[in-house]
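Peer 1: 3D, please:
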Amino acid sequence: MILNPYVLCAGIVLLLSFIWAWHASNCCEQVTLTLPTPRPPRNDRGRVGRLRPVIEARRLCKSYGTADQRVNAVNEVSFAVGRGELVAIYGPSGGGKSTLAHLLAGIDSPTGGYVIFNGAMLDFDDHRAMRVYRSRHCALVPQACPLVEHLSAVDNVALPLLVRGMPWSEARALAHKHLRALSLDGLKRRRPAELSGGQRQRVAIARALASGSDLVLLDEPTSALDPESGRLVIEQIKQVAAAERRAFVVITHDPQWVGEFDRVFECVAGWLDEVRTSTSPAPKPSSEDVSVADGLILPRPPDITARARPTPVTCRTARTIDPDMYEWF
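Peer 2: Numbering: from 1, shown residues only. Predicted coordinates:
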């Protein structure tokens with residue numbers, strides 16, 4: 001009996017198909033059985049019953065000068081800001097507000113205390129890591145509102161996103177969105193020299209909002225704005241904080257906006273005190289370590305030097321531009 005070669009080939013192919021299907025089915029079962037049980041997402045909860053803050057200062061100090069003529073710009077400041085929280089720090093000029101913002105942003109190094117970001121202590125001696133921290137995780141808008149002079153407004157807003165490797169089209173689309181939200185859609189092609197001081201300030205704010213950074217520090221964001229533009233900026237900040245669960249710290253000496261924030265601190269002569277919240281008076285701080293979930297400051301945490309030091313923060317380098325060579329604020 002002579003077998004038809006076509007029938008023989010078809011039978012072999014069919015047999016191999018059954019063998020492959022059986023082998024694949026067994027492999028899938030093994031993989032499924034060996035997978036560990038997934039844990040629920042932790043979100044921003046670092047410990048059971050406590051919210052892990054985005055940024056936390058512990059006994060933060062900054063002083064200048066010699067021992068005979070020492071100026072204490074920041075005096076043992078301890079507070080924390082959680083996700084989606086808006087915090088205002090107000091007070092007279094020269095009270096240490098901008099110095100505190102520079103410490104939180106890693107621009108300046110403290111003379112005492114710690115700054116903890118997402119549970120990791122910032123290593124101020126690692127200059128490269130601090131540059132990556134500022135370019136990827138912390139967006140600061142200083143009073144000078146520096147912009148890249150040879151770039152248009154929309155390109156200035158898109159620049160931090162391009163540093164992080166976002167495609168050009170997506171970065172520009174997000175930049176257009178935030179410029180439009182701050183009533184700058186008609187000025188997106190202008191360069192900084194063609195903008196007024198208030199317009200430059202709004203472009204810098206749009207850049208910080210578009211960056212997606214977990215922490216946004218705004219130093220006097222309404223100082224060059226009229227009341228209508230200032231209201232627009234505050235409303236946009238509140239919307240982004242609620243929608244994207246990002247932490248905002250706003251430095252101001254204008255009392256008309258402090259009622260818009262979740263918590264309000266007063267900074268005088270380098271000392272920081274929580275004075276009120278938007279809904280109720282702030283409780284009096286005690287000497288005990290207070291849960292961050294209660295929304296209180298940590299006035300004097302007990303002997304933090306005896307505790308295990310948090311792991312220094314480590315950051316990846318940017319994919320398109322080396323963050324050690326570039327800072328966008």
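
Peer 1: helices along the stretch 151-300 of the chain, start to end?
Peer 2: 153-163, 168-181, 197-210, 227-244 (DSSP state H, counting those that start in this stretch).

Peer 1: give the other helices and strands that the shortest one contacts.
Peer 2: Other elements packing on helix 153-163 under the criterion 3 or more Cβ pairs under 8 Å, 6 or more residues apart in numbering; DSSP states H and E are helix 127-136, helix 168-181, helix 197-210. Placement of C-beta: from N, CA and C, glycine included.

Peer 1: can you report how many residues lie near the closest residue to Glu220 other than its chain neighbours?
Peer 2: Spatial nearest neighbour of Glu220, chain neighbours left out: Gln143 (5.1 Å); criterion: Cβ to Cβ, 6 or more residues apart in numbering. Neighbour count of Gln143, defined by other Cβ atoms under 10 Å: 14.

Peer 1: so Asn156 makes contact with Arg202?
Peer 2: No - the pair Asn156 and Arg202 does not pass the contact test of Cβ atoms under 8 Å, sitting 11.3 Å apart.

Peer 1: more neighbours: those two, which one.
Peer 2: Using other Cβ under 10 Å as the criterion, Asn156 and Arg202 rank with Arg202 on top: 29 against 25.

Peer 1: from Pro146, how far out is that one?
Peer 2: 14 Å (Cβ to Cβ, to the nearest Å).

Peer 1: same check, this time on Gly197
Peer 2: Gly197 is 13 Å from Pro146, by Cβ to Cβ.

Peer 1: and those two? Which one has more around it.
Peer 2: Remark: of Gly197 and Pro146, Pro146 carries more neighbours, 14 against 11, as counted by other Cβ under 10 Å.

Peer 1: hmm, Gln201 and that one touching each other?
Peer 2: No - if you go by Cβ under 8 Å, Pro146 and Gln201 don't touch, sitting 11.0 Å apart.

Peer 1: now the closest residue to Pro255 other than its chain neighbours: how far from Tyr64?
Peer 2: Leaving aside its sequence neighbours, Pro255 sits nearest to Tyr90 (Cβ to Cβ, 6+ apart; 6.6 Å). Distance, Tyr90 to Tyr64, by Cβ to Cβ: 23 Å.

Peer 1: who has more neighbours, those two?
Peer 2: In terms of neighbours (other Cβ under 10 Å), Tyr90 is the more surrounded of Tyr90 and Tyr64; the figures are 21 against 11.

Peer 1: can you add distance to Glu235 and mean pLDDT and give the helices and strands packed on helix 153-163 back as CSV?
Peer 2: Compiled in CSV, those are given as follows (distance: least, Cβ to Cβ, whole Å; pLDDT from 0 to 100):
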stretch, distance to Glu235, mean pLDDT
helix 127-136, 27, 89
helix 168-181, 9, 94
helix 197-210, 12, 94
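
Peer 1: beta partners for the residue nearest to His253 when sequence neighbours are not counted?
Peer 2: Here the nearest residue to His253 in space, its sequence neighbours aside, is Tyr90; by Cβ to Cβ, 6+ apart that works out to 5.8 Å. Counting by DSSP bridges, Tyr90 is bridged to Thr252, Glu266.

Peer 1: can you pull the contacts of Tyr90?
Peer 2: Residues counted as contacts of Tyr90 (Cβ atoms under 8 Å, 6 or more residues apart in numbering) are Lys97, Ile251, Thr252, His253, Asp254, Pro255, Val258, Val264, Phe265, Glu266, Cys267.
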